[in-house]
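Asker: Here is a sequence with its predicted model. Questions after.
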Amino acid sequence: FIFEGPDTPEVVWRAADDLFRAAIALGGTLTGEHGIGTLKSRWLAEELGDDQWELQRQITRVFDPLGLLNPGKVFADRA
């Protein structure tokens with residue numbers, strides 16, 4: 001998705017939602033060799049499921065108990 005400006009336009013979010021939900025439904029993954037990325041992070045919990053999501057959160061807390069590394073990048077939107 002290519003757009004100009006600092007904010008992601010709503011039309012891009014809608015297109016991304018369609019694309020990433022289709023990828024998950026087909027058994028694909030959102031991640032790549034560089035991780036999840038900021039745009040795709042909102043769909044990660046859906047791909048992983050609740051158990052894997054919580055496991056990832058626990059691993060993050062072990063290695064970054066103070067939340068100093070990339071705060072709010074992936075786990076900020078789900079408690």
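Answerer: Arrived safely. All values derive from a computational prediction rather than experimental measurement. Numbering: from 1, shown residues only.

Asker: Report the residue spans of this structure with pLDDT below the cut-off.
Answerer: 76-79 (pLDDT under 70).

Asker: Longest helix in it, by number of residues?
Answerer: In the chain, with assignment by DSSP state H, the single longest helix is helix 44-63.

Asker: which residue is nearest the centroid of the chain?
Answerer: Ser41 (1.2 Å; Cα atoms, centre = their mean).

Asker: Would you mind measuring from that one to Val74?
Answerer: 5 Å (Cβ to Cβ, to the nearest Å). Yep, even glycine has a C-beta here, placed from its N, CA and C like the rest.

Asker: go on, Ala45?
Answerer: Taking Cβ to Cβ, one finds Ala45 at 10 Å from Val74.

Asker: what helix or strand does Thr38 sit in?
Answerer: For Thr38, there is no enclosing helix or strand under DSSP states H and E.

Asker: Just list the residues touching it, thanks.
Answerer: Lys73 (Cβ atoms under 8 Å, 6 or more residues apart in numbering).

Asker: make it 10 Å
Answerer: Thr8, Asn70, Lys73, Val74 (Cβ atoms under 10 Å, 6 or more residues apart in numbering).

Asker: Phe20 is in contact with Arg14, isn't it?
Answerer: No. Using Cβ atoms under 10 Å, Phe20 makes no contact with Arg14, being 11.2 Å away.
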